[in-house]
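Colleague: Sequence and computational prediction follow.
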There are 2 protein chains.
Amino acid sequence: MLQDKYRLQIPGPTPVPPRVQHKMARPMIGHRDPDVSKILQNCSRRLGPVFGTEEPVLILTASGTAALEGAVVNTVSPGDEAVVIVTGAFGDRFAKILSRYQIGIHRLEVPWGESCTPDRLAAYLQKRPQVKAVFMTYCETSTGVLNPIADLASVVKKYTNALVIVDGVSAVGGTPARMDQWEIDILVTGSQKAFMLPAGLSFAAVSQQAWSVIEENQQSRFYLDFLTYRSKMEQNTTPFTPAVSHLFGLAEVLDMLEEEGLEHVYSRHQQMMEMTRTGIRGMGLTLLTKDEDASPTVTAVQGGTDWSVEELRQELRRMGLRLAGGQQHLKGKIFRIGHMGYCDPLDILTTLSALEVGLTRIGVPVQLGTGVKAAEEVWI
Amino acid sequence: MLQDKYRLQIPGPTPVPPRVQHKMARPMIGHRDPDVSKILQNCSRRLGPVFGTEEPVLILTASGTAALEGAVVNTVSPGDEAVVIVTGAFGDRFAKILSRYQIGIHRLEVPWGESCTPDRLAAYLQKRPQVKAVFMTYCETSTGVLNPIADLASVVKKYTNALVIVDGVSAVGGTPARMDQWEIDILVTGSQKAFMLPAGLSFAAVSQQAWSVIEENQQSRFYLDFLTYRSKMEQNTTPFTPAVSHLFGLAEVLDMLEEEGLEHVYSRHQQMMEMTRTGIRGMGLTLLTKDEDASPTVTAVQGGTDWSVEELRQELRRMGLRLAGGQQHLKGKIFRIGHMGYCDPLDILTTLSALEVGLTRIGVPVQLGTGVKAAEEVWI
């Protein structure tokens, strides 16, 4: 095979478009340069529609986990109680962060591969109306589940005064987020998913209700103090040296999203999901999630009892296609296909046909062309 | 003037070498890809000589301030006492971080523009032997002072059991750092200074003595927990998604430093400092610092009573040269020339000649050519 040619179909980091790479290679400028102020002002405003908010979107130089920790240290304090909806590895990460800060954690455990239903959350919250915040994951990257965030947020607001804090990594930019309309209080994502950038930036949008909590919160924080980011953002700057080359790239990414049109971006992701799922079924494999729980950005596929998911991934890698494995107890049990960001229907057909060949090569009986055909029928 | 041509002579971010930009534009790969593991293993080992340590160097995705906060939250806890040597804005930043964490702060204030002498520190510590850590700045970027870190560390070790925690931003990679030999416990820097990368990565090397303190320290932390970085580094990975494109660039930067040879890198910086200082004096301006306090990476120059530093910077910017102003109470009183990273003696001659023209244009009497001539004499 051609040594250096490969397709990156993992659920992040995702491929960086050439025009974004080109902008990122712009010669360096000072972080207090007026050009950086213009970019920050421009990007913060243009991020609003992607988050579905009128609030300014904060830009942090750090990976997504730092912004998730920011959502914790800005809103709750030791001794506070919070609910974490754990539908997979990233819900679990929220719980891990909270446990470091001596928050009383109520883990609402949902079997991995399923979404949390509003009814389940309602029953759980009715017994715990005192919690200060409910942490949830929009797209659970580890399973490919999209939680029904709008309905979950509405349940929180009905039964508690808690803040709704949402991990939007792997979702925002690939599927609609209407933070203000859905009454989400903090919505976070990272740059290396549907935003098509390398990792290095993360984003957080904060509601007015959350700001009033944050203003009162005494938890120690410095680099992750959202108040500092807000006050500096009002001056079109950042409290600490930002990843300037990523900011150059971010402006270009926003151009791309606007040129395509956000609604089309979302329908493209929806279509890629449908093609992927139909194709996987068409070749006789089993999906981890039900259709109604499926995320438009990542699809998890179950392994078989008589073949190795890891052997398949290795074979595909040799063929020029990179897929992700499972995390934690799903390691070796599933593989995951990322279909977000700089990705289109033809990439899905490529992925499915590579899968047909790869499965055949490792001895899994599969009728060649069946998965691709099924996906083509979705696309035509 | 040519609209898009300019020289970036600020003390960070510094210019990114074209070959580094080229590597950073390598197509994205997964952060759990074996190639990333190889890069991490390779870079951590090769960072050692730059920090002067046998310990592995931790790599964080965040700007330098986050690593400074990491040095705080991993080593001290509320109620502990610490000394901060404040020689400028970045010593002050250490104090600001500590104050967020309810640390009893003893500020050793040194007039901005001067270094902290070992005697001054000895006298200060003799009255405060109980402190858990002494925080100091190697190069104080806001004034161009290089503190005598080796001697200061030795004073700390003589009078206390405190950890020596050093902000090496604007120093490491541009001037020798011999962390193990000097008994520094934590040495931190960022990527956008002498490391010639965009901002987005920061680095921390940790001594055995510091690790034993960190292992016992109960301060809440997650993204900045050095123990997690160490344990993941032992597996050649990172706890959270790293800025992969920066890692591509870092490997190339280390190639460049090794090809030139670290000793030559340091003597080049030393030479650029001497040329800058001699040239500034040659054109009749006044330096902020004494020669013995001067940093090889940044030089601060005093403004005059009858002309405006900011007007000069604006004029130079129009001419194609970008210099930095002063910070905090030095704003409008000084300007700063960065000479670190991807910078050579010819850049210094360019800077000095631009200064001669810029000063003349804003009406400051200067004899054209005198600064450049003086610097050339240093270089020949």
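Modeller: Perfect, thanks for sending it.

Colleague: make it CA atoms for all contacts and neighbour counts henceforth
Modeller: Fine.

Colleague: which ones are touching residue A:371?
Modeller: Residue A:371 makes contacts with A:278, A:279, A:280, A:281, A:282, A:283, A:284, A:352, A:353, A:356, as judged by C-alpha atoms under 8 Å, 6 or more residues apart in numbering or on different chains.

Colleague: so which of those comes closest to residue A:246?
Modeller: Each of the contacts of residue A:371 was checked against residue A:246 using C-alpha to C-alpha; the closest is residue A:352, at 32.1 Å.

Colleague: helix/strand/coil for the residue nearest the centre of chain A?
Modeller: Most central in chain A under C-alpha atoms, centre = their mean is residue A:170, positioned 1.6 Å from the mean C-alpha point. Put simply, residue A:170 is coil when judged by DSSP: H, G, I helix; E, B strand; the rest coil.

Colleague: Can you pull the residues of the stretch 201-350 of chain A lying near chain B?
Modeller: Counting by C-alpha under 8 Å from any C-alpha of the partner chain, the stretch 201-350 of chain A comes close to chain B at A:220, A:221, A:222, A:223, A:240, A:241, A:242, A:243, A:244, A:245.

Colleague: Could you pull up the residues touching the fifth one?
Modeller: For residue A:240, the contact set (C-alpha under 8 Å, 6+ apart) comprises A:223, B:63, B:65.

Colleague: Tell me which residue in the stretch 1-150 of chain A sits closest to chain B.
Modeller: residue A:62 (4.4 Å; C-alpha to the nearest C-alpha).

Colleague: Just give the number of residues close to that residue.
Modeller: 31 (other C-alpha atoms under 10 Å in any protein chain shown).

Colleague: okay, it: pLDDT?
Modeller: In this prediction, residue A:62 carries a pLDDT score of 98.

Colleague: next one: residue A:1
Modeller: In this prediction, residue A:1 carries a pLDDT score of 63.

Colleague: Tell me the helices and strands packed up against the lengthiest helix in chain A.
Modeller: Using DSSP state H, we find that the single longest helix of chain A is helix A:262-282. Using 3 or more C-alpha pairs under 8 Å, 6 or more residues apart in numbering or on different chains; DSSP states H and E, the elements in contact with helix A:262-282 are strand A:286-287, strand A:298-302, helix A:345-361, helix A:370-379.

Colleague: Would you mind confirming that residue A:86 is in contact with residue A:105?
Modeller: No. The pair residue A:86 / residue A:105 is not scored as a contact, 11.2 Å apart, by C-alpha atoms under 8 Å.

Colleague: So for those two, which residues contact both of them?
Modeller: Common neighbours of residue A:86 and residue A:105, using C-alpha under 8 Å, 6+ apart, are residue A:95.

Colleague: Could you name the helices and strands sitting against the helix or strand containing residue A:84?
Modeller: Residue A:84 is located in strand A:81-86, with elements delineated by DSSP states H and E. With contacts taken as 3+ C-alpha pairs under 8 Å, 6+ apart, strand A:81-86 sits against helix A:89-100, strand A:104-109, strand A:133-137.

Colleague: so where do the helices sit in the stretch 101-250 of chain A?
Modeller: Using DSSP state H, counting those that start in this stretch, the helices found in the stretch 101-250 of chain A span residues A:118-126, A:149-159, A:179-182, A:208-216, A:226-234, A:244-260.

Colleague: picking up where we left off before, pull the strand holding residue A:84 out as PDB, backbone CA atoms only.
Modeller: The C-alpha coordinates for strand A:81-86 follow below in PDB (Å, rounded to 0.1, in the frame of the first residue of the first chain):
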ATOM      1  CA  GLU A  81     -24.600  17.600  45.500                       C
ATOM      2  CA  ALA A  82     -24.800  17.000  41.800                       C
ATOM      3  CA  VAL A  83     -26.300  14.400  39.500                       C
ATOM      4  CA  VAL A  84     -24.100  12.900  36.700                       C
ATOM      5  CA  ILE A  85     -25.900  11.000  34.000                       C
ATOM      6  CA  VAL A  86     -23.400   8.300  33.100                       C
END
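
Colleague: how distant is that strand from the center of its chain?
Modeller: 19 Å (C-alpha atoms, centre = their mean, to the nearest Å).

Colleague: Between strand A:104-109 and that strand, find me the angle.
Modeller: Strand A:81-86 runs at 20 degrees relative to strand A:104-109, counting by axes from the mean of the first three to the mean of the last three C-alpha atoms, to 10 degrees.
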